[in-house]
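1. Got a sequence here, can you model it:
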Amino acid sequence: MPIIEHDIQTARELKKRVSKLTPLIDFRLFGSRARGDADEYSDMDIFMEFETIDRELRNRIKNAAWEMTLESGIVVTTLLFSRHEIENSPLRSSPIVRVIMEEGVPV
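-> Predicted coordinates:
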């Protein structure tokens with residue numbers, strides 16, 4: 001089943017809002033909604049990579065995702081990482097990051 005347009009629109013709107021807060025390196029839809037096999041109860045998984053990220057920025061982005069949840073009716077969950085975490089920590093060999101890079105849909 002293809003990705004539904006509502007999911008893409010929701011992800012694009014979140015990306016737009018986050019881009020107003022800080023520059024993005026990468027933004028991907030992943031999980032069941034990216035594969036096109038989500039059901040009405042599936043959440044929307046979003047991966048974001050930034051040059052740097054601190055606690056305050058994380059909270060602002062989480063709030064933006066919560067606003068999208070309320071507006072779209074889809075629970076939006078986020079994975080937020082800095083470039084350093086992706087490139088220089090054990091996270092670089094994490095199975096979830098590998099799957100996101102291989103199967104995630106860039107938005």
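2. All the helices of the protein, residue numbers only.
-> Taking DSSP state H to define them, one finds helices in the chain at 5-21, 32-35, 55-72, 83-88, 95-103.
3. winner for burial among the ones you listed?
-> helix 32-35 (a mean of 19; mean count of other Cβ atoms under 10 Å). Glycine gets a C-beta too; all of them are placed from N, C-alpha and C.
4. Dump it to PDB, restricted to CA.
-> Presented in PDB, the C-alpha positions along helix 32-35 are these (Å, rounded to 0.1, in the frame of the first residue of the first chain):
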ATOM      1  CA  SER A  32       4.700   1.600   9.100                       C
ATOM      2  CA  ARG A  33       3.500   4.900   7.600                       C
ATOM      3  CA  ALA A  34       6.600   5.100   5.400                       C
ATOM      4  CA  ARG A  35       6.100   1.400   4.400                       C
END
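5. got the contact list for that helix?
-> 3-4, 7, 28, 38-39, 42-45, 74, 103-105 (Cβ atoms under 8 Å, 6 or more residues apart in numbering).
6. ok, and the most crowded of these?
-> Among those, residue 44 has the most neighbours (other Cβ atoms under 10 Å), with 25 neighbours.
7. give the contact list for it.
-> 7, 10-11, 29, 31, 33, 72, 74-77.
8. from these, which two are the most distant?
-> Farthest pair in the contacts of residue 44 (Cβ to Cβ) is 31 and 72. Separation: 15.4 Å.
9. The residue lying closest to residue 69 once chain neighbours are set aside: how many residues sit nearby?
-> In space, and not counting its chain neighbours, residue 69 is closest to residue 76: 4.9 Å by Cβ to Cβ, 6 or more residues apart in numbering. By other Cβ under 10 Å, the residues close to residue 76 number 22.
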